[in-house]
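Undergrad: Pasting a predicted model and its sequence here:
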Amino acid sequence: MILEERVQERTRHLKVANAELHRTRSTLIQSERLSALGQMASGVTHDFNNTLAGIMGNTQLMLQHVKDEDSRQRLRAVELAARDGAVNVKRIQEFNRINKTDEMAPTDINDIIAATLEVTSPLRKDLPQREGRTITATPRYGDIPPIMGDPADLREVLTNIVLNAVDAMPEGGDITISSWCTDERVFLGITDPGVGIPSAVLDKLFDPFFSTKGPGNSGLGLRVPPDSRSFRRPGIQQPAYRQNDVV
Ligand SMILES: Nc1ncnc2c1ncn2[C@@H]1O[C@H](COP(=O)(O)OP(=O)(O)OP(=O)(O)O)[C@@H](O)[C@H]1O
Ligand SMILES: [Mg+2]
């Protein structure tokens, strides 16, 4: 009897260990896939950049000579598509931290907020307004010391979060962006009164390529780059009624 119990207990332990092994294996496969993808991307993006530069350069040259308005419109469309392609290539490069030098410098988070609000203004305010959505943004600047960070990285992260908020607000509303500090840390908090983030989405929020918005979106907006020093993985406070707070 005692022997039987021991066998049962061992079997239970083995099952738990086996499940753990399976989990570790799939995590490993996932990270290997990502690393292989990164290596492939770094090779392809370099050549693709040259191709796009060629398309853009030649299109611009042709625009100097072509007078027919219909053809000019088509050339401008080609140029715009190549430009959009270059922006996407840049995102892949930044994801892999290719061409990235050490750009950490004393940075005022309040400046990052102000610059982001400025840069996002057309997509955040003007475009939604044309669709009948009034979206406002309220900065609440705290009295905070500078931090060491990469201003371009920080602006990009905040831009992505602000644009996500815009996407999540079909009825418009006010986005608040606050900064504050404790003795040790400076915080940046963003709240939107949008549709909220379901818990199933919360788990995958920071996974690269995860998106609920369909094929037009890369799902790279909230990825956390492997070598991320300018910011920590953000925490999400669970929505209190329909609010999302990213801190
Ligand atoms: N403020 C938010 N409110 C509701 N859902 C959000 C919010 N921010 C992010 N999400 C959810 O998280 C997903 C991942 O966001 P992420 O920014 O990484 O990708 P994306 O916005 O879908 O695509 P991309 O930013 O590359 O255009 C979104 O598809 C959306 O479902
Ligand atoms: Mg996004």
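TA: It's in. Ligands and ions are numbered 1, 2, ... in the order given.

Undergrad: Return the distance of the longest strand belonging to the chain from the chain's centre.
TA: For the chain, the longest strand by residue count, based on DSSP state E, is strand 173-181. From the chain centre to the centre of strand 173-181 is a distance of 18 Å (CA atoms, centre = their mean, to the nearest Å).

Undergrad: before we move on, what about stretch 29-47?
TA: Using CA atoms, centre = their mean, the offset of stretch 29-47 from its chain centre is 18 Å.

Undergrad: same question for it, mean pLDDT?
TA: Over the span of stretch 29-47, the pLDDT mean works out to 74.

Undergrad: Give me the buried stretch members for that stretch, please.
TA: 38, 41, 45 (16 or more other CB atoms under 10 Å). In this view, the C-beta of every residue, glycine as well, is placed from N, C-alpha and C.

Undergrad: that older thread, give me the contact list for the longest strand of the chain.
TA: Strand 173-181 has contacts (CB atoms under 8 Å, 6 or more residues apart in numbering) with 109-110, 113, 116-117, 124, 135-145, 158, 162, 165-166, 169, 186-194.

Undergrad: Can you tell me which of those residues are classed as buried?
TA: Applying 16+ other CB under 10 Å to the contacts of strand 173-181 flags 109-110, 113, 116-117, 124, 135, 137, 144, 158, 162, 165-166, 169, 186, 188-194 as buried.

Undergrad: Now, those that are in helices?
TA: 109-110, 113, 116-117, 158, 162, 165-166 (DSSP state H).

Undergrad: want to throw these into JSON lines with pLDDT and distance to residue 216?
TA: Listed next are these as JSON lines, based on pLDDT from 0 to 100; distance: CB to CB, whole Å:
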{"residue": "109", "pLDDT": "95", "distance to residue 216": "31"}
{"residue": "110", "pLDDT": "97", "distance to residue 216": "33"}
{"residue": "113", "pLDDT": "95", "distance to residue 216": "28"}
{"residue": "116", "pLDDT": "90", "distance to residue 216": "22"}
{"residue": "117", "pLDDT": "91", "distance to residue 216": "24"}
{"residue": "158", "pLDDT": "89", "distance to residue 216": "22"}
{"residue": "162", "pLDDT": "93", "distance to residue 216": "18"}
{"residue": "165", "pLDDT": "95", "distance to residue 216": "18"}
{"residue": "166", "pLDDT": "94", "distance to residue 216": "15"}
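
Undergrad: give me the subset of those residues touching ligand 1.
TA: Restricting those to those touching ligand 1 (CB under 6 Å from any ligand atom) yields residue 165.

Undergrad: Pick the one among the ones in helices among the buried ones among the contacts of strand 173-181 closest to residue 3.
TA: Distance to residue 3 across these (CB to CB) is lowest for residue 165, with 61.9 Å.

Undergrad: Brilliant, that's me finished.
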